[in-house]
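> With the input below, show me the fold.
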Amino acid sequence: MQFQALIVLFSLLSIVHGTAVWSEWEDFQVHHNKSYHSVEEHRRRFLIFVDNRQRIAEHNKRWAVGQESHLLGINRFADMSPKEFKELLLRGVQPSKGLGDVHFMPPDVELGALPRAVDWRSRHAVTEVKDQGNFNTCWSFAATGVIESRYAIKYGHLQSLSEQNLVDCCLGSEQGYNTWRAMGCTEQLGGIDTESSYPYQGDANVCRYRPAASAARVFNAVFLPPGNERIMAQALLRGPLAVSIDADSIQLYKGGVFHDSYCSKVSVNHGLLVVGYGTDPLSGDYWLLKNSWGSQWGENGYIRMARNNNNQCGVASEVLYPIV
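Sure thing, here's the model as predicted:
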């Protein structure tokens, strides 16, 4: 009965919205392995997909005539409304309150000359792009990312570390978490296990940290002065940095230098890893950020965020790195 209802529904929707849209919808479901529980769910997801497709088309028309600096595109989040996307993935970062035993880089630190571009991936100090799935665990990926990189730079060995270790052992009863707390938790545990010994699942479970499988230790964390992109660039010369941004607008990001004048500099809700910076000949300065939404999102899992542009999306509002 449900199968017959689906045929009728899909026939009507394809007539209303056109065969091209319907073909894209079918391709989208196959490519991203989507399945829905009911006819109503199929209908709702399709209509959201149509809305997002229209939003992408309108934005990219502006991009084509130089009115936008970044492209949008269909990705695995294209069947989610902006509200759903935010509620599912962007509630995992809490403001850094009660900082405790952390160090702050002084704002008057001596600033030297900066190279034109930095990319720690070329120095074998960044692991592959990972995927947090449909869990608001971005803070754990930002934490492992910055520890992995700083450890590789200091000790010459790049090792993938366990986000699940942090989710199970550090989350507790918190309604959301953040990267600096993960640093403190790792310090208290005495280390963090490897990815292979403690694979990612997403949902929090019983803490199974094993010192024998530990691959890195953290002794403290250093916060950068908020909003200071010059000091941020200086600090990046010594290694990648963990940051938090307002990610409400990057759901359908495909490429280019991201800029959104409505992006908040205060209400950050998503953790990422800054691995470099550079300058685009058309769109200007950017930060190179590693995300945790898989390699099919954005530019192979990365986003270029506007740099020296009034702290775009709060990219310089909460910046830290661990002492390893």
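> now the helices for the stretch 1-150 of the chain?
In the stretch 1-150 of the chain, the helices defined using DSSP state H, counting those that start in this stretch lie at 2-17, 19-31, 39-64, 82-89, 138-155.
> so how far is the longest one from its chain's centroid?
Distance, stretch centre to chain centre, for helix 39-64: 22 Å (Cα atoms, centre = their mean, to the nearest Å).
> Check whether residue 324 really touches residue 152, as I assumed.
No. Counting by Cβ atoms under 8 Å, residue 324 stays clear of residue 152, with 9.7 Å between them. (Each C-beta comes from the backbone N, C-alpha and C, glycine too.)
> Make a markdown table from the helices of the stretch 1-150 of the chain and add distance to residue 292 to it.
Shown next, in a markdown table, are the helices of the stretch 1-150 of the chain (distance: least, Cβ to Cβ, whole Å):
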| stretch | distance to residue 292 |
| --- | --- |
| helix 2-17 | 33 |
| helix 19-31 | 20 |
| helix 39-64 | 21 |
| helix 82-89 | 10 |
| helix 138-155 | 4 |
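> just the ones you listed: most buried one?
helix 138-155 (a mean of 26; mean count of other Cβ atoms under 10 Å).
> follow-up on the earlier one: of all the helices of the stretch 1-150 of the chain, which one is nearest residue 258?
Between residue 258 and the helices of the stretch 1-150 of the chain, the shortest separation by Cβ to Cβ is 11.5 Å, and it involves helix 39-64.
> I'd like to know which elements that closest one is packed against.
Packing partners of helix 39-64 (3 or more Cβ pairs under 8 Å, 6 or more residues apart in numbering; DSSP states H and E): helix 2-17, helix 19-31, strand 70-72.
> got the angle between it and helix 19-31?
Relative orientation of helix 39-64 and helix 19-31, computed by axes from the mean of the first three to the mean of the last three Cα atoms, to 10 degrees: 110 degrees.
> Low-confidence stretches in the stretch 151-300 of the chain?
For the stretch 151-300 of the chain, the stretches with pLDDT under 70 are 172-177.
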